[in-house]
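Undergrad: Provided below for reference: sequence and predicted model.
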Amino acid sequence: MTDVLEERRHALDEAMRARGAWPEDAPWVRNAFDALPRHAFAPERLWDWDGSAYVPVDRGTNPGRWAELVYAGPDNAAVTEITDGIPSSSLSAPAVVATMLDSLDVQPGHRVLELGTGTGWNAALPAHRVGAAGRVTSVEASAELADTAAGRLRRAGVRVDVAVGDGNLGRPEAAPHDRVIATYAVDHVPWAWIEQTSPGGDLVFPLGRIGHFAVTVADDHRSARGWMHGLAQFMNARDTPVPAATVRSYTQVRAGRAPDDKRGVDRDITPLRTDANLLWALRLALPDVVNSTDTDEDGVNAWIHDGASSWAVVTTLPDGGARAEQGGPRRLFDAFEAAWDAWTAHGRISRWDHGITITEHEQYVWEGDPDTGRRYRLPAPAATAG
């Protein structure tokens with residue numbers, strides 16, 4: 001088993017190197033990965049998608065496949081927990097972890113707050129960087145996961161204060177923090193995270209299904225602002241409903257229904273598969289809608305749905321044209337075309353030229369310039385009953 005793990009570790013390291021996924025300006029990240037191997041933080045049971053459901057893969061009975069799942073590749077997370085048939089915790093994809101740690105700009109001696117302990121691996125890596133003069137505090141909603149992670153961290157010789165609690169409340173007892181990193185997605189950044197971060201401190205967090213951002217807290221402590229750093233998507237906080245579009249498939253939403261609307265399409269739909277900047281713009285404008293594509297001998301075909309009751313399919317025809325069929329209360333391809341046209345009219349802004357501004361009373365993603373660029377306001381979180 002040791003030989004298999006070492007072989008898989010080496011293969012992952014080489015894959016990361018070949019694609020330039022190891023941060024050049026943060027060599028400590030690769031060193032931390034090497035000092036704290038991913039498999040040392042993986043549970044004995046992982047979960048594998050068999051095409052229709054997640055099935056358990058136990059280290060004791062299938063060590064080879066278990067090792068493959070732990071070190072599957074730069075972009076592959078290892079699912080460590082399933083709740084109601086849906087992944088609820090994982091070892092994050094190595095390339096994403098490396099990118100987020102690079103964005104966080106952790107330095108020796110820093111006080112770091114990590115939100116969402118999970119297996120403990122994501123907390124161990126910055127702890128390796130901050131050293132004895134620093135401190136890493138990690139908050140986990142699940143008492144069972146927190147206890148197990150704390151044990152793994154102790155066995156690895158890593159000093160991390162693991163606490164059970166609501167990550168959205170931060171950890172005021174350990175504040176102020178120089179750096180804050182979340183390993184789960186939020187639709188609205190909790191103001192507590194900003195309050196508990198020192199002025200000039202940095203936060204890295206995934207925003208909904210959009211991507212992850214890195215922001216710096218202003219000197220007056222009244223706002224934070226920064227840029228989009230990656231497109232990776234994360235699981236939501238445990239008390240946040242899973243986005244419907246990520247649970248139900250196009251086939252389930254359509255449920256065999258005939259279209260309510262059919263029409264020709266006067267544009268090449270190839271960019272729905274090939275243009276990452278367009279796909280970012282569509283995700284930003286319609287965050288609850290999923291677009292999947294494939295190709296056949298005629299060209300690109302797209303399937304669009306909202307996880308609830310609306311759907312659209314767009315098909316490239318043999319003559320090079322395209323045809324759209326839509327059903328449900330929303331005309332989703334009409335909405336796609338409107339967002340597509342707006343993005344074109346505003347200069348086809350690159351996904352990397354988007355940022356976010358956070359204040360106590362409003363939050364918005366902006367295009368190009370924080371003061372003059374087009375803004376997408378984030379909805380305020382629902383009020384808590386009681």
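TA: All right, it came through fine.

Undergrad: Lowest mean pLDDT among the helices and strands of this protein, which one is it?
TA: strand 86-91 (a mean of 86; mean pLDDT, DSSP states H and E).

Undergrad: Can you tell me the strand partners of it and which way each runs?
TA: strand 78-83 (antiparallel) (DSSP bridges).

Undergrad: Can I get the partner strand in PDB, CA atoms only?
TA: This file holds the C-alpha atoms of strand 78-83, laid out as PDB (Å, rounded to 0.1, in the frame of the first residue of the first chain):
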ATOM      1  CA  ALA A  78     -12.000  13.200  -2.800                       C
ATOM      2  CA  VAL A  79     -15.500  12.900  -1.300                       C
ATOM      3  CA  THR A  80     -15.300  12.100   2.400                       C
ATOM      4  CA  GLU A  81     -18.900  12.400   3.500                       C
ATOM      5  CA  ILE A  82     -22.300  11.800   1.900                       C
ATOM      6  CA  THR A  83     -25.500  13.300   3.400                       C
END
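
Undergrad: pLDDT (mean, whole number) over it?
TA: For strand 78-83, mean pLDDT is 92.

Undergrad: Pretty sure residue 30 sits against residue 22.
TA: Yes - Residue 30 lies in contact with residue 22 (Cβ atoms under 8 Å); the separation is 4.7 Å. Any C-beta I mention is one placed from the backbone N, CA and C, and that applies to glycine too.

Undergrad: what touches both of the two?
TA: By the contact definition Cβ atoms under 8 Å, 6 or more residues apart in numbering, residue 30 and residue 22 are jointly contacted by 16, 98.

Undergrad: Of the two, which one has the most company?
TA: Between residue 30 and residue 22, residue 22 has the larger neighbour count (other Cβ atoms under 10 Å), namely 20 against 17.

Undergrad: Which pLDDT value belongs to the more buried one?
TA: pLDDT, residue 22: 97.

Undergrad: tally of neighbours for residue 177?
TA: Neighbours of residue 177 under the rule other Cβ under 10 Å: 25.

Undergrad: Show me the beta-bridge partners of it.
TA: Per DSSP bridges, the residues bridged to residue 177 are residue 197.

Undergrad: if I pick it, what's in contact with it?
TA: Contacts of residue 177 (Cβ under 8 Å, 6+ apart): 111-113, 137, 170-171, 196-198, 201.

Undergrad: and it, how far is that from residue 201?
TA: Residue 177 is 6 Å from residue 201, where distance means Cβ to Cβ, to the nearest Å.

Undergrad: Would you mind splitting this protein into its domains for me?
TA: 2-230, 250-345 (automatic domain parsing).

Undergrad: for the shortest one, the distance to its chain's centre please.
TA: Spelled out, it's domain 250-345. Relative to its chain's centre, domain 250-345 lies at 23 Å (Cα atoms, centre = their mean, to the nearest Å).

Undergrad: can you check the longest one too?
TA: On the basis of Cα atoms, centre = their mean, the separation between the geometric centre of domain 2-230 and that of its chain is 11 Å.

Undergrad: Point me to the helix or strand that includes the nearest residue to residue 301 once chain neighbours are set aside.
TA: Closest residue to residue 301 apart from its sequence neighbours, by Cβ to Cβ, 6 or more residues apart in numbering: residue 315 at 5.0 Å. If you go by DSSP states H and E, residue 315 is part of strand 311-316.

Undergrad: Show the average pLDDT along that strand.
TA: For strand 311-316, the mean confidence score works out to 98.

Undergrad: and what of stretch 274-285?
TA: 91.

Undergrad: Next: stretch 144-158.
TA: Mean pLDDT, computed over stretch 144-158, is 97.

Undergrad: what about dumping the CA coordinates of it to PDB?
TA: C-alpha atoms of stretch 144-158 as PDB (Å, rounded to 0.1, in the frame of the first residue of the first chain):
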ATOM      1  CA  GLU A 144     -17.700  14.400  14.900                       C
ATOM      2  CA  LEU A 145     -15.600  15.800  12.000                       C
ATOM      3  CA  ALA A 146     -14.000  18.300  14.300                       C
ATOM      4  CA  ASP A 147     -12.900  15.600  16.800                       C
ATOM      5  CA  THR A 148     -11.600  13.300  14.100                       C
ATOM      6  CA  ALA A 149      -9.700  16.100  12.400                       C
ATOM      7  CA  ALA A 150      -8.100  17.200  15.700                       C
ATOM      8  CA  GLY A 151      -6.900  13.700  16.100                       C
ATOM      9  CA  ARG A 152      -5.300  13.600  12.700                       C
ATOM     10  CA  LEU A 153      -3.700  17.000  13.200                       C
ATOM     11  CA  ARG A 154      -2.200  15.800  16.500                       C
ATOM     12  CA  ARG A 155      -0.800  12.600  14.900                       C
ATOM     13  CA  ALA A 156       0.700  14.700  12.200                       C
ATOM     14  CA  GLY A 157       2.400  16.900  14.800                       C
ATOM     15  CA  VAL A 158       0.600  20.000  13.600                       C
END
